[in-house]
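Q: what follows is a protein structure lacking sequence information:
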């Protein structure tokens with residue numbers, strides 16, 4: 001049997017409320033708070049998952065989108 005390396009990439013999202021005078025200020029505040037570790041999406045709010053096989057020369061092959069075996073359902 002051969003050994004392979006795979007790369008798994010998950011995309012998560014979350015919503016945050018920010019007070020600002022305009023859209024430009026919102027983006028500045030959001031970026032600052034993200035890098036300060038304040039705006040961090042919670043695990044479990046999964047949007048997409050994909051996997052790729054890493055070639056022997058460390059190049060990534062084509063990404064294949066997969067779906068989680070379960071979906072977290074939240075009601076607002």
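A: It's in. Owing to the predicted nature of the structure, the values given are computational and were not obtained by experimental measurement.

Q: span of stretch 36-43 from start to end?
A: Chord length of stretch 36-43, first to last residue, is 18 Å (C-alpha to C-alpha, to the nearest Å).

Q: starting at the chain centroid, how far to it?
A: 11 Å (C-alpha atoms, centre = their mean, to the nearest Å).

Q: ok, residues contacting it?
A: Stretch 36-43 is contacted by residues 12, 13, 14, 16, 30, 33, 34 when judged by C-beta atoms under 8 Å, 6 or more residues apart in numbering. In short, each C-beta sits where N, CA and C put it, glycine included.

Q: which residues touch the first one?
A: Same thing as residue 12. 41, 42, 43, 44, 45, 46, 47.

Q: excluding chain neighbours, what is closest to it?
A: Spatial nearest neighbour of residue 12, excluding adjacent residues (C-beta to C-beta, 6 or more residues apart in numbering): residue 41 at 4.3 Å.

Q: in terms of helices and strands, where is that neighbour?
A: Residue 41 is part of no helix or strand when elements are defined by DSSP states H and E.

Q: how about it, phi and psi?
A: phi -60, psi 140 (degrees, to the nearest 10).

Q: number of nearby residues for it?
A: By other C-beta atoms under 10 Å, the residues close to residue 41 number 15.

Q: how much space separates it from residue 28?
A: 19 Å (C-beta to C-beta, to the nearest Å).

Q: cool, and residue 5?
A: Taking C-beta to C-beta, one finds residue 5 at 39 Å from residue 28.
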